[in-house]
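In: 3D, please:
(chains A and B)
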Protein chains: 2
Amino acid sequence: MLEKVLNAKSVAIIGASKIKTKRGYQAIKTLLAEGFEGEIYPVNPKEDKILGLKCYKDITEIEAPVDLALITTPARTIPDILRSCGKKKVAGAVIIAGGFRELGAKGKELEQQVITAAKETGVRIIGPNTSGMINMKSNLNLVGIQNAPKGNIALLCQSGNMALTLITEATIRKHEGFTYYVGVGNEADIKFHEYLKFFRNDPDTRCILIYVEGMSEGRKFLQEAHKTSIEKPIVLLKSGRSATGKKSAGSHTGSLAGRSEVAKLAYERAGIIVIENSDELFPVAETLSSQPAIKNNSLAILADGGGHATIAADLLSDYGIDLPELSEKTKEKLRAILPEAASVVNPVDVAGGTDSDPSLFADCAKIILKDPNVGGLLVVGLFGGYGIRFDKSLALGEEAAAHRLGSMVKKRQKPIFMHSLYGSYESHALDLLRHYNIPVHDSLDISCKCVASLCKYGNYLKSYHAITNFVFDWRAKAKAEGQQIIDNARKEGRSVLLEHEAKQLIKLHGAPTSVGQVTKTEDEAWQIAKKIKENVVLKIVSPDILHKSDACGVKLNLSSEKDIRKGFQQIIKSAKEYKQDADIMGVLVSPMAQKGLEIIIGTKTDEQFGPVIMYGLGGIMVEIMKDVTFWVLPVSQTSIKKMLGGTRSSVLLDGVRGHKGYDKKSLKKLISMCSELIESYPEIEEMDLNPVLLYEEGLDVVDARIILKQ
Amino acid sequence: MLEKVLNAKSVAIIGASKIKTKRGYQAIKTLLAEGFEGEIYPVNPKEDKILGLKCYKDITEIEAPVDLALITTPARTIPDILRSCGKKKVAGAVIIAGGFRELGAKGKELEQQVITAAKETGVRIIGPNTSGMINMKSNLNLVGIQNAPKGNIALLCQSGNMALTLITEATIRKHEGFTYYVGVGNEADIKFHEYLKFFRNDPDTRCILIYVEGMSEGRKFLQEAHKTSIEKPIVLLKSGRSATGKKSAGSHTGSLAGRSEVAKLAYERAGIIVIENSDELFPVAETLSSQPAIKNNSLAILADGGGHATIAADLLSDYGIDLPELSEKTKEKLRAILPEAASVVNPVDVAGGTDSDPSLFADCAKIILKDPNVGGLLVVGLFGGYGIRFDKSLALGEEAAAHRLGSMVKKRQKPIFMHSLYGSYESHALDLLRHYNIPVHDSLDISCKCVASLCKYGNYLKSYHAITNFVFDWRAKAKAEGQQIIDNARKEGRSVLLEHEAKQLIKLHGAPTSVGQVTKTEDEAWQIAKKIKENVVLKIVSPDILHKSDACGVKLNLSSEKDIRKGFQQIIKSAKEYKQDADIMGVLVSPMAQKGLEIIIGTKTDEQFGPVIMYGLGGIMVEIMKDVTFWVLPVSQTSIKKMLGGTRSSVLLDGVRGHKGYDKKSLKKLISMCSELIESYPEIEEMDLNPVLLYEEGLDVVDARIILKQ
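Out: The predicted model follows:
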């Protein structure tokens, strides 16, 4: 559907100009200079000709069909112009102007008018507030960045400066370039996921590079990303971390689930390679666009000296990549061609063996890559600089090695990475490696990150999530009785379910919890407690007191009549002191839970991705250690298994120090119930089950809180 | 003392050669090419003249005094040559040859011979196994890296490749260079700390850059580093992380205190800026060598577009740097010169305001740096590229701005950092900034790391540790009774103190702990328990059973005679089953401790830094969360305060969720006791107090273990 927009054969420049500093002039000049293969139609009611091209008064006057309009006029003119475009049956429009949503309420209104005009006319919109778009294949360059390198990476970017940065970097590196660049802008009409789908289907795009500050339809994006990443890699940098997690929220989950943690885990689940340092963004995309993924998460290092190998081993081990032992056969073969002082364990150190003949690098590489334990090879050190540093004649040996390394990657389908101190020097051998798509970097950090991303992508392709169906299909249904609990609260003007209500709701769906009974009198409290036959807990019930402990509204482990009566009185008294006008609905009497492992399960509605679930160690630890993990709902059984393994404390579940472990089966069932509950009642904004006490057998949801959407 | 060695006025090349590929030829050629200001004396019994210089049969034949000898001959020849050097009263020798300690036992023996020869003759040794040394000031270049840039950074490096990398990077960046380079090599004679002291006293050195894989006298190094870092910054990268922490150890502390964590915290305590990514090493050193430290940990960002500012804000916030609100006055002044769409909060976005006149950057910078909330300024975006990207004439405005920015840093003593997309292009404006020592980078990651290091250094200079006395002075004395406990164990051939012995020892020094009583009979166990009047714990006592729980050798919370007798029997039975020939010395009967917060305190002897202490949350958490911190012993009261604050769980001590907190005073006293204990008994290799139960008032050391040096 975006075909006609992004592969437009003709483009109208609305706001075309003769003034050299205007975008409406520069745009035409760039299209001419870059050699756009299609038709260019300047539109300006006041001009006849611009840069030698016939100028039209209005887009509707153009005789031939127009696929795309570039609109360079100010924000307020856009809705009318779009209607003209609609009349002309233009497929899409690129709106450069800012002054919309990003400026607040008034701009938002104008943006809404643009969206309405787009919907009415069927004109699809890139932007507004975008630097433009480029189709590198047809030289349809609507941005003004000239001489951008062509290649096989599609660039989807929410900042013009970052696009310029990435294109500049590609230009300097002189190797890989782009198929498309799209400045997503305000995403008013065409969304991230639509571009993504287009790039997935574009045969020339082999990797998709995304810079995102925030997206409006995260769930749809994840769907498309999941479909895409199994076909071609997606590399993404999400910025705006520092602004997150500051909003205070009504639940633990709300405050713990900083948007960026949720986003990172959600993106990774969809197979996206998430990057956090902007320096690594282009190199990783370049690597993924051309290199085979590493299948067994393992790598060998080949060095011509100590320091670099040590640093690389540190970094790779931080990334969790194996540096496997080489087989005896491999070691033997290496010993046969290297000096005695050489180290033939991984990392391999040639110990001067390449000083007189750098082509030995290729011999070593061949032997190492043949080893079945080894998934790829990182060469670190001076390769490419032997001819520069020692003797010119050595350059020829380096070139011979480069040719052989290049063909080796193809033959073995195992990647080679080259770290070279001389990466930014003129070196024909290094240029040859680049020609063979071998990633060459003078930074060990970046070389190792490229290795890590090929491992990560390889691991993903093998994982369950890559092969499974990844559909957010809601099947579970609300129960009438459950709906009534929610409706009741609404009727009373509350957007919070009280503890006993929340517990009733989850119990209805099968969660093990003792609801208890609410009472307004001390006498009745004692009567209820007597029947329970275990020690009891008293808790305040009030829609105005969310944090019961803060209001001294909880009394634990009571058994005698005296204690229960005293507890009741104290709770009521404290609650009144805590909040004078609090609506006190009574005191909840419930059995005291047995001690167990405290965990927390929560759900919230993420701005970008909709319902997400959080799981982790509970109690005081949840606040201090923040050892929690997030998942976009709904979750499958396999996802739940992954979730449980996604915390540092997961070893506790299996039992440590002689403890036999906890009932993971019940825990999985509970998480599954949460997933279903959230899909059954879309009114739920946030839910906290905290604590859930986990036992060797069974579990108990001790406290529950549900917040409804406002 | 190193003066004559590192500032040698004359150098003999022992192993001088006419063969061009030999180091003995290249060394002389380099000295001549680089224009060494002193005398060069080739030494080779077979030659008369090399490269036009008179060649001597033996170093003793040289008529004039010789300060330094460069020895290029093989390892086995070194001891004899050193004795010749001694006769000639040479101050120092650079030994290039490898083949010593790094090759195992035989090499170690040879290295010992070298050390002995050095001691006997008084010749100080650089290396062996070094790439050499350079004094950039006198062009005394004994390395063979030509055209290394001069400057004010002293480079101390334990890998020749890393030295080459850093010097190459400096060469490419064309700005800051070096005063000295020393390849530390095997550190057989001159140690890291001696070089450090020399550089501290060198007036031309303004920053010391260190790459270390492992050092032999860590404590002395920390002493010198502490003295140095208050005068000039030290930047250090420690590699070899991945090999650490794998050694299994006899105590928790042993296994938790991976060498690299200890090293990092120890270095930082001495004021060293520790770097983990090698890309950042040189840029940070360059920045610290020329820029004023940031005094208030705060920074403003000035941007000409969105993306870069957002990414920079993310990174700086990850580093814990404040992006303070600008004062109303500042905002007002900015509003007066910037377009309406500009953002005048921090980050400041000029919103196209600089498009027609980039000198506006300097106006903005002046206003922002005047703001007292702001400690420094990071400019991100396209500065330096306006003339390249838009119009040549704009370059002049950029140059004007560059001059003004340069003088602003001097005047305000607040640093400016420039991130420019055009950092690797030819840009006169950027060259001007470099001339004014303003760090220019095309990487946001590196720019932000430079900011972070100036903040870190500024914070350090203000901290207690910078101004305090930092002397490892041991004062505490052993007590006779304590020494007897240790001697007793030794007499019995044990290097482990049993629980009750360890507890006796710490109790002797004032730690609150109930030692309990050891008994061999069930009857006596019951008699002891009766007297205790609380529930008791029974624990197996055997030098062969270190992990008592693993052997089911612990019974908790017993009170009745029946249970105690049964417990006793079970413990003895389990112990025998666990280890048939275990030497069972009895069962320890002690009172059951009250519940409290479990913490762990441990000490161990670090290979590099000697005695270190670990503190953290105990129990199962210590293994799972690894929330522990390390400190080199002894510790002062202020250090202890910092230690306690150095864990994520420290908030627990102050009380959370209504808990009133724990007895920090007692805890501090206990840590102080540990520090004294370790200095009193140098025989102690490792000590574990685990768990220590901490209460609202007081604490209880529940289990203790002490391992003696073998």
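
In: what is the neighbour count of A:Ser239?
Out: Neighbour count for A:Ser239, taken as other Cβ atoms under 10 Å in any protein chain shown: 26. Glycine gets a C-beta too; all of them are placed from N, C-alpha and C.

In: so who does it touch?
Out: When contacts are counted by Cβ atoms under 8 Å, 6 or more residues apart in numbering or on different chains, A:Ser239 touches A:211-213, B:307, B:310-311, B:314.

In: distance of it from A:Asn459?
Out: 25 Å (Cβ to Cβ, to the nearest Å).

In: cool, A:Gln113 as well?
Out: In terms of Cβ to Cβ, A:Gln113 sits 47 Å off from A:Asn459.

In: if you rank the contacts of A:Ser239 by neighbours, which is first?
Out: B:Ile311 (30 neighbours).

In: helices along the stretch 401-550 of chain A, start to end?
Out: Remark: helices assigned in the stretch 401-550 of chain A by DSSP state H, counting those that start in this stretch are A:428-435, A:444-462, A:464-467, A:480-491, A:499-508, A:522-532.

In: could you dump the ones you listed into JSON lines and include distance to A:Leu556, mean neighbour count and mean pLDDT?
Out: Converted to JSON lines, the helices of the stretch 401-550 of chain A look like this (distance: least, Cβ to Cβ, whole Å; neighbours: other Cβ atoms under 10 Å in any protein chain shown; pLDDT from 0 to 100):
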{"stretch": "helix A:428-435", "distance to A:Leu556": "68", "mean neighbour count": "20", "mean pLDDT": "96"}
{"stretch": "helix A:444-462", "distance to A:Leu556": "46", "mean neighbour count": "23", "mean pLDDT": "96"}
{"stretch": "helix A:464-467", "distance to A:Leu556": "42", "mean neighbour count": "14", "mean pLDDT": "64"}
{"stretch": "helix A:480-491", "distance to A:Leu556": "26", "mean neighbour count": "14", "mean pLDDT": "94"}
{"stretch": "helix A:499-508", "distance to A:Leu556": "15", "mean neighbour count": "22", "mean pLDDT": "95"}
{"stretch": "helix A:522-532", "distance to A:Leu556": "13", "mean neighbour count": "17", "mean pLDDT": "93"}
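
In: could you dump those helices to CSV with distance to chain B?
Out: Output for the helices of the stretch 401-550 of chain A, formatted as CSV (distance: least, Cβ to the nearest Cβ, whole Å):
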stretch, distance to chain B
helix A:428-435, 14
helix A:444-462, 5
helix A:464-467, 26
helix A:480-491, 27
helix A:499-508, 17
helix A:522-532, 23
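
In: nearest to B:Arg173, of those?
Out: Nearest to B:Arg173 among these is helix A:444-462; the distance by Cβ to Cβ comes to 16.8 Å.

In: and the angle for the closest one with helix B:444-462?
Out: Between the axis of helix A:444-462 and that of helix B:444-462 there is an angle of 120 degrees, by axes from the mean of the first three to the mean of the last three Cα atoms, to 10 degrees.

In: output helix A:444-462 as PDB, nothing but the C-alphas.
Out: Extracted in PDB, the C-alpha atoms of helix A:444-462 (Å, rounded to 0.1, in the frame of the first residue of the first chain):
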ATOM      1  CA  LEU A 444      37.600  -3.000  20.000                       C
ATOM      2  CA  ASP A 445      34.400  -2.000  21.700                       C
ATOM      3  CA  ILE A 446      32.600  -1.700  18.400                       C
ATOM      4  CA  SER A 447      34.100  -4.900  17.000                       C
ATOM      5  CA  CYS A 448      32.900  -6.800  20.000                       C
ATOM      6  CA  LYS A 449      29.500  -5.300  19.900                       C
ATOM      7  CA  CYS A 450      29.200  -6.400  16.200                       C
ATOM      8  CA  VAL A 451      30.100  -9.900  17.300                       C
ATOM      9  CA  ALA A 452      27.600  -9.800  20.100                       C
ATOM     10  CA  SER A 453      24.800  -8.700  17.800                       C
ATOM     11  CA  LEU A 454      25.400 -11.500  15.400                       C
ATOM     12  CA  CYS A 455      25.400 -13.900  18.300                       C
ATOM     13  CA  LYS A 456      22.200 -12.400  19.600                       C
ATOM     14  CA  TYR A 457      20.500 -12.600  16.300                       C
ATOM     15  CA  GLY A 458      21.700 -16.200  15.800                       C
ATOM     16  CA  ASN A 459      20.400 -17.100  19.300                       C
ATOM     17  CA  TYR A 460      17.100 -15.400  18.500                       C
ATOM     18  CA  LEU A 461      16.600 -17.300  15.200                       C
ATOM     19  CA  LYS A 462      17.000 -20.600  17.100                       C
END
